[in-house]
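S.K.: Next comes the sequence, and after it the predicted model I'd like to discuss.
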Amino acid sequence: MIGPRSVNMLRAGLRPLSVAALVGFASTCQAQTAVNAQDTAGGTEAAPSIATCVACHGALGAGTVTGGPRLAGKDPDYLVHALSMFKAGTRASAVMQTVAHNLSDSEIRELATFFSKQDPPLAEGAPPQQSQVLAGKQLAEMGAGSGVPACFSCHAAGGKGNGARFPGIAGEPAAFVVARLHEFQARAKGKTPAPGTMTAVAATLNDAQIEAAAAYLSVTSP
């Protein structure tokens with residue numbers, strides 16, 4: 001869930017943060033976001049963890065232009081599954097594994113439910129080139145020949161997601177999409193991926209296609 005570029009400030013000994021601790025390393029605006037997130041959660045068991053999440057995932061899980069993926073509006077079962085894999089150590093991310101290790105199953109469910117109900121604006125950043133957006137739209141809706149299926153063929157119309165297996169991808173920051181697809185490509189180099197998997201699809205993409213898909217998804221409403 002958290003891209004490797006978005007977590008420099010949380011590399012060591014990360015734990016659920018109080019609002020006071022968040023103020024210590026985040027901007028005033030970000031700290032206020034954490035306060036609001038805790039208030040919205042109604043003082044539930046997971047409230048301190050919400051403050052931790054927004055530090056890297058943006059206000060109400062909107063995502064960040066530096067690569068923090070969007071959590072807002074995603075299927076709660078997908079979020080539970082992802083956090084559970086991080087907790088078990090079966091999904092790679094040193095930071096997220098550290099975060100999830102300290103979460104109870106009930107906290108994981110509360111966090112997933114909270115972020116699934118949020119609908120903040122897209123992460124703000126420099127607008128992508130229109131030519132890239134159009135190329136990405138073609139790729140997302142139609143694919144590229146027989147070797148590259150349309151993104152929406154798995155992630156549902158508009159990239160809004162399809163249950164716990166295929167997360168929503170519309171509205172994801174471009175930096176995250178690029179980094180995530182490169183991760184899949186690196187994985188494909190280490191082991192031949194099973195046909196039809198995201199790893200297999202990513203392995204067929206070139207850099208221009210990755211940038212185009214990222215540009216289009218970053219400006220597409222979830």
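M.R.: Now that the structure is in, tell me what you want to look at.
S.K.: Pull the residues that contact stretch 115-124.
M.R.: For stretch 115-124, the external contacting residues (CB atoms under 8 Å, 6 or more residues apart in numbering) are 53, 58-65, 68, 70-76, 79, 171, 173, 218-219, 221-222. For the C-beta atoms, the positions are set from N, CA and C on the backbone; glycine is no exception.
S.K.: Now, those residues that are in helices?
M.R.: 53, 76, 79, 218 (DSSP state H).
S.K.: The first one contacts L71, doesn't it?
M.R.: Yes: applying CB atoms under 8 Å, one finds C53 in contact with L71, separated by 6.8 Å.
S.K.: Show me which of the two is the more surrounded one.
M.R.: Set C53 next to L71 and count neighbours by other CB atoms under 10 Å: L71 wins out with 29 against 24.
S.K.: And for the residue lying closest to that one once chain neighbours are set aside, the neighbour number?
M.R.: Counting by CB to CB, 6 or more residues apart in numbering, L71 lies nearest to G61, which is 3.3 Å off, once chain neighbours are set aside. Using other CB under 10 Å, G61 is surrounded by 28 other residues.
S.K.: ranges for the strands of this protein?
M.R.: With DSSP state E as the definition, the chain shows no strands.
S.K.: residues in contact with A150?
M.R.: The contact partners of A150, taken as CB under 8 Å, 6+ apart, are 139-143.
S.K.: ok, so of those residues, who is nearest S49?
M.R.: Relative to S49, the closest of the contacts of A150 is A140; by CB to CB it sits at 32.4 Å.
S.K.: dump the residue contacts of the closest one.
M.R.: By CB under 8 Å, 6+ apart, the neighbours of A140 are 150-152, 159, 213, 216-217, 220.
S.K.: out of those, which are buried?
M.R.: Burial of the contacts of A140 was assessed by neighbour count (16 or more other CB atoms under 10 Å); the buried members are 151-152, 159, 213, 216-217, 220.
S.K.: rewinding a little: among the ones in helices among the contacts of stretch 115-124, find me the one that's closest to R180.
M.R.: Among the ones in helices among the contacts of stretch 115-124, S218 lies closest to R180 (CB to CB), at 12.5 Å.
S.K.: Isn't that closest one up against A170?
M.R.: No: contact status for S218 versus A170: not in contact, 9.2 Å apart, counting by CB under 8 Å.
S.K.: Looking at these two, which is more packed in?
M.R.: Neighbour totals were compared for S218 and A170, and S218 leads with 27 against 24 (other CB under 10 Å).
S.K.: quick one: low-confidence parts of the chain?
M.R.: Under the criterion of pLDDT under 70, the regions of the chain flagged as low confidence span 1-48.
S.K.: those helices in this protein, which residues are they?
M.R.: With helices called from DSSP H, the chain shows them at 19-25, 28-40, 47-57, 76-88, 94-101, 105-116, 130-142, 152-155, 174-190, 198-203, 207-218.
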